[in-house]
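Asks: Fold the following, please.
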Amino acid sequence: LENSPDLLPTVAALAAVSQGTSHIMGVEHARYKETDRVHTMALELTKLGVQLKEEPDGLIIRGGAHSGEVESHSDHRLVMALTLVGLITGDLRIKDAASHQVSFPNFPQVMMGLGCPLEII
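Replies: From the prediction side, this is the model:
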């Protein structure tokens with residue numbers, strides 16, 4: 001992901017619902033996006049019971065996320081990535097989810113069209 005830091009939230013979300021341990025490294029530059037994406041993903045995945053270790057340049061994630069409530073930190077990519085966790089865990093609430101509008105205004109409609117049970121509050 002060294003050349004694609006915007007993929008960090010998505011890859012971290014997938015690692016959180018996968019079996020085993022995933023090492024995501026070489027993404028220190030993701031700390032300087034809309035949010036410190038390394039830290040905010042670590043913070044929010046921890047709220048979902050994910051065991052992980054935050055490194056200066058990435059994350060080591062052991063899958064096992066469960067449902068819960070997380071925050072978007074007003075970062076559109078976190079909203080979209082965390083939605084993937086909700087697809088697997090079932091009930092996931094994302095606070096300030098409207099920030100998806102920055103890059104993908106019709107994200108909820110597209111996801112619902114694919115069969116994703118989203119509730120827009």
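
Asks: Going by C-alpha atoms from here, please, whenever you check contacts or count neighbours.
Replies: Will do.

Asks: Pull out the buried residues from the lowest-mean-pLDDT helix or strand in the chain.
Replies: Within the chain, no helix or strand scores below helix 107-113, which has a mean of 87 by mean pLDDT, DSSP states H and E. By neighbour count on 16 or more other CA atoms under 10 Å, the buried set for helix 107-113 is Pro108.

Asks: the longest helix in this structure is where?
Replies: helix 76-89 (DSSP state H).

Asks: what about the protein, any weak spots by pLDDT?
Replies: Residues of the chain meeting the criterion pLDDT under 70: 120-121.

Asks: where do the strands sit along it?
Replies: Counting by DSSP state E, the chain has strands at residues 21-24, 51-55, 58-62, 68-71, 92-95.

Asks: Let me know which of the ones you listed is tucked in deepest.
Replies: Stretch with highest mean neighbour count among the strands of the chain: strand 58-62 (a mean of 23; mean count of other CA atoms under 10 Å).

Asks: What's the separation between Gly64 and Leu87?
Replies: Distance, Gly64 to Leu87, using CA to CA, to the nearest Å: 14 Å.

Asks: And the strands of the chain: which comes nearest Thr40?
Replies: Closest to Thr40 of the strands of the chain is strand 68-71 (CA to CA; 8.9 Å).

Asks: What is that closest one packed up against?
Replies: Here strand 68-71 touches helix 37-47, strand 92-95, going by 3 or more CA pairs under 8 Å, 6 or more residues apart in numbering; DSSP states H and E.

Asks: Okay, buried residues for the longest one please.
Replies: The one in question is helix 37-47. For helix 37-47, by 16+ other CA under 10 Å, it's Arg37, Val38, His39, Thr40, Met41, Ala42, Leu43, Glu44, Leu45, Thr46, Lys47.

Asks: Pull the contacting residues for Leu14.
Replies: With contact taken as CA atoms under 8 Å, 6 or more residues apart in numbering, Leu14 is in contact with Leu84, Val85.
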